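**Q** Pasting the sequence and the predicted coordinates here, then a few questions.
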Amino acid sequence: MNIALIGYGKMGHMIEQVALERGHRIVCRIDVDNQEDFDSPEFASADVAIEFTNPTAAFDNYCRAFKHHVKVVSGSTGWMKDHRAEVEEMTRDGKQTLFWASNFSIGVAIFSAVNRYLAQIMNRFPQYDVQMEETHHVHKLDAPSGTAITLAEEIVDNIDRKAKWKLGTTTWDDGRVEGSADHNADELLVNSIRHGEVPGIHRVTYNSEADSITITHDAHSRMGFALGAVLAAEYTKDHTGLLTTNDLFKF
Ligand SMILES: NC(=O)C1=CN([C@@H]2O[C@H](COP(=O)(O)OP(=O)(O)OC[C@H]3O[C@@H](n4cnc5c(N)ncnc54)[C@H](O)[C@@H]3O)[C@@H](O)[C@H]2O)C=CC1
Ligand SMILES: O=C(O)C1=N[C@H](C(=O)O)C[C@H](O)C1
């Protein structure tokens, strides 16, 4: 299939490699210095555009692709709080197509299924309090990570004693600590760590006086995200509307 890349950074390059290995063609690569290519015949020839940019650019990129009726797969995080409703409206009834996931790896899809089940079990065991921690490279623009927000929303949806999640502290390599760990009992605290070149670690911990239970997903590289994004593009070619990893992996 024909794939356009929007955002040719760390993820864009890795997705290109995986897409070529799977026999796809890259028809267009758009980054900040060639925005006019959105209006090129090459871009319009794409079956799907794969978008990995940043929290502020993502939504405009969806709109520019939709103008040409090009379907989009996107992993950009941090835009949901401002544009979720507009994206839901644009993709309603398959008018436009966006496959979005805060994390494309199969490992996180499995982790998410375990996370939901564990939260349900914990309704019977109020002696455990739950907290989350995510660790990423120091270049990351958003905190908490998109994956942490998705996992936190799943816990809040499944455990009766938590009403919402709250960003706690962000700790940097140089020892700086931003934010505060203060929170009410019904708030799920999510702490962030920014360290070196870490691709992404997500940890959910249930702690009681007697013991603690921790589940962790630790990405060894970005390869799992890139493969998932290309699998999502293959799926998106034949589907419409607002899609996510639950559609692809059927959890
Ligand atoms: N859902 C998932 O599985 C994953 C999501 N991400 C997310 O993907 C995004 C990108 O991650 P990386 O590739 O690591 O970042 P990066 O910083 O290496 O690459 C982003 C690229 O987008 C370009 N860009 C910025 N504004 C643009 C615009 N308006 N149009 C086109 N290109 C533009 C930048 O110049 C840069 O080349 C982040 O939001 C990150 O959180 C990252 C890894 C996995
Ligand atoms: O910025 C990253 O690198 C990552 N971002 C995603 C997120 O915010 O959850 C996914 C992955 O953890 C890597």
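**A** Happy to help now that I have it. Ligands and ions are numbered 1, 2, ... in the order given.
**Q** from here on, contacts and neighbour counts on C-alpha atoms
**A** Fine.
**Q** three-state assignment of V18?
**A** Secondary structure, DSSP: H, G, I helix; E, B strand; the rest coil: V18 is helix.
**Q** what sits against it?
**A** Going by Cα atoms under 8 Å, 6 or more residues apart in numbering, V18 touches 226-227, 230.
**Q** quick one: it and G179, what's the gap?
**A** 38 Å (Cα to Cα, to the nearest Å).
**Q** quick one: the helices in the protein?
**A** Here the chain has its helices, by DSSP state H, at 10-21, 41-44, 58-67, 80-91, 106-122, 146-158, 223-236, 245-249.
**Q** Quick one: closest of the ones you listed to H139.
**A** Nearest to H139 among those is helix 10-21 (11.2 Å), distances taken as Cα to Cα.
**Q** report the angle between the axes of that closest one and helix 223-236?
**A** Counting by axes from the mean of the first three to the mean of the last three Cα atoms, to 10 degrees, helix 10-21 lies at 60 degrees to helix 223-236.
**Q** list the buried ones in helix 10-21?
**A** Judged by neighbour count (16 or more other Cα atoms under 10 Å), helix 10-21 contains these buried residues: 11-12, 14-19.
**Q** Contacting ligand 1 as well, which ones from the residues you listed?
**A** Filtering the buried residues of helix 10-21 for neighbours of ligand 1 using Cα under 6 Å from any ligand atom leaves 11-12.
**Q** hang on, the earlier thing: and the helices of the chain: which comes nearest E187?
**A** Once those are compared by Cα to Cα, helix 146-158 is nearest, at 8.8 Å.
**Q** Off-centre distance for that closest one?
**A** Centre-to-centre, helix 146-158 and its host chain are 11 Å apart (Cα atoms, centre = their mean, to the nearest Å).
**Q** Now the stretch 151-251 of the chain against ligand 2: closest residue?
**A** As assessed by Cα to the nearest ligand atom, ligand 2 sits closest to G200 within the stretch 151-251 of the chain, at 4.4 Å.
**Q** so what's that residue up against?
**A** G200 neighbours (Cα under 8 Å, 6+ apart): 134-137, 218-219.
**Q** repeat that for 10 Å
**A** 103, 134-137, 145, 147, 194, 217-222 (Cα atoms under 10 Å, 6 or more residues apart in numbering).
**Q** Buried subset of those residues as a PyMOL selection?
**A** Of the contacts of G200, the buried ones can be selected in PyMOL as follows, counting by 16+ other Cα under 10 Å:
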select buried, resi 103+134+135+136+137+145+147+194+217+219+222
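**Q** how about the contacts of G200, which pair is most distant?
**A** Most distant of the contacts of G200, by Cα to Cα, are N103 and R194, 17.8 Å apart.
**Q** Settle this for me: D129 is touching A210, isn't it.
**A** No. If you go by Cα atoms under 10 Å, D129 and A210 don't touch, sitting 11.9 Å apart.
**Q** Contact distance from ligand 2 - what residues of the stretch 51-200 of the chain qualify?
**A** 77, 102-103, 140, 145-147, 199-200.
**Q** hmm, 5 Å instead?
**A** Residues of the stretch 51-200 of the chain found near ligand 2 (Cα under 5 Å from any ligand atom) are 103, 145-147, 200.
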